[in-house]
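Enquirer: When you get a sec, could you give me coordinates for this:
(2 chains)
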Amino acid sequence: QSALTQPASVSGSPGQSITISCTGTSSDIGTYSLVSWYQQHPGKAPKLIIYEVAKRPSGASNRFSGSKSANTASLTISGLQTEDEADYYCCSYAGSNTQIFGGGTKVTVL
Amino acid sequence: QLQLQESGPGRVKPSETLSLTCTVSGGSITIASYYWGWIRQPPGKGLEWIGSIFYRGNSFYNPSLKSRVTISVHTSKNQISLRLNSVTAADTAMYFCARIPKPGGQNDFWGQGTLVTVSS
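Expert: Model (predicted):
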């Protein structure tokens, strides 16, 4: 199992939209629609913001949206706000009841 | 409100065994379909899935850690535990426990994490 591939950093100005990609293989993202995304602020536990590719849990902002195409999943943050500055991680089911995470993306609000 | 709380020694010596407990409150770990997992994060680095367990004892592990990891469930105490053998400095990390509402699903509730340092 190799980690899913995410860009190390993405930045944007307040109000803009940004997209974070998460690339896997045909053994994980390409086969299963079980991709989740997590937001992590410094010193805090990760927080679920997207599950099953595009579903939002209760309490998650509707400015977060997810999608998937072939072996790549994406997280879009619309109307970027200062509070969105954090690390973001994707995660996919990889078969046999295992999970695999991406390396993480640091989002900076300019 | 569901809460997960990790606990255990903050320091472990190289070659010894790391042992952690996750205490679940506000809900039973025996609720059908829920799995419970462990995830770690070395300082300044990304998340790594360690493994998960169903309350009936079915456990699943990251292939890269499988030879050293044991996850157990203790239903009478509403706890799950993690044991990692033969630790090295590379096992220094924040260790989180989390709930997984269905097989292969997302980690929807997380504990605050506990930092374990491997050092003599």
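
Enquirer: residues contacting the nearest residue to A:Ala70 once chain neighbours are set aside?
Expert: In space, and not counting its chain neighbours, A:Ala70 is closest to A:Gly30: 5.9 Å by CB to CB, 6 or more residues apart in numbering or on different chains. All C-beta spots, glycine's among them, are computed from the backbone N, C-alpha and C. A:Gly30 makes contact with A:Gly24, A:Ala70, A:Asn71, according to CB atoms under 8 Å, 6 or more residues apart in numbering or on different chains.

Enquirer: got the phi/psi numbers for the second one?
Expert: Main-chain dihedrals, A:Ala70, degrees, to the nearest 10: phi 50, psi -120.

Enquirer: How much space separates it from chain B?
Expert: 19 Å (CB to the nearest CB, to the nearest Å).

Enquirer: Model confidence for that residue, exactly?
Expert: Among the per-residue scores, A:Ala70 holds a pLDDT of 97.

Enquirer: go on, the first one?
Expert: According to the model's per-residue confidence, A:Gly24 sits at a pLDDT of 98.

Enquirer: Counting neighbours, what do you get for it?
Expert: Neighbourhood size, A:Gly24 [other CB atoms under 10 Å in any protein chain shown]: 25.

Enquirer: quick one: it from A:Leu4, how far?
Expert: Relative to A:Leu4, A:Gly24 is positioned 5 Å away (CB to CB, to the nearest Å).

Enquirer: what sits in contact with each of those two?
Expert: With CB under 8 Å, 6+ apart, A:Gly24 and A:Leu4 have common neighbours A:Ser92, A:Ile100.

Enquirer: Now do the helix or strand hosting B:Val73: which elements does it pack against?
Expert: Here B:Val73 is covered by strand B:69-74, with elements defined by DSSP states H and E. Judged by 3 or more CB pairs under 8 Å, 6 or more residues apart in numbering or on different chains; DSSP states H and E, the packing partners of strand B:69-74 are strand B:48-54, strand B:59-61, strand B:79-84.

Enquirer: could the contacts of A:Gly30 be laid out in TSV, adding distance to B:Gly37?
Expert: Putting the contacts of A:Gly30 into TSV (distance: CB to CB, whole Å) gives the following:
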residue	distance to B:Gly37
A:Gly24	19
A:Ala70	27
A:Asn71	24
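
Enquirer: of those, closest to B:Ser7?
Expert: A:Gly24 (33.6 Å; CB to CB).

Enquirer: The closest one and A:Ile100 touch, don't they?
Expert: Yes. Here A:Gly24 reaches A:Ile100: they are 7.3 Å apart, a contact under CB atoms under 8 Å.

Enquirer: hey, what's in contact with both of those two?
Expert: A:Leu4, A:Ser92.

Enquirer: List the contacts of the residue lying closest to A:Pro46 once chain neighbours are set aside.
Expert: Leaving aside its chain neighbours, A:Pro46 sits nearest to A:Tyr38 (3.9 Å; criterion: CB to CB, 6+ apart). Going by CB under 8 Å, 6+ apart, A:Tyr38 touches A:Pro46, A:Lys47, A:Leu48, A:Ile49, A:Tyr88, A:Tyr89, A:Cys90, A:Cys91, B:Leu47, B:Asn107.

Enquirer: Please name the spatially closest residue to the spatially most central residue of chain B (chain neighbours excluded).
Expert: Of all residues in chain B, the one closest to the mean position by CA atoms, centre = their mean is B:Trp38, 2.8 Å from it. Among residues not flanking B:Trp38 along the chain, B:Ile50 sits closest, at 4.1 Å (CB to CB, 6+ apart).

Enquirer: Alright, that wraps it up for me.
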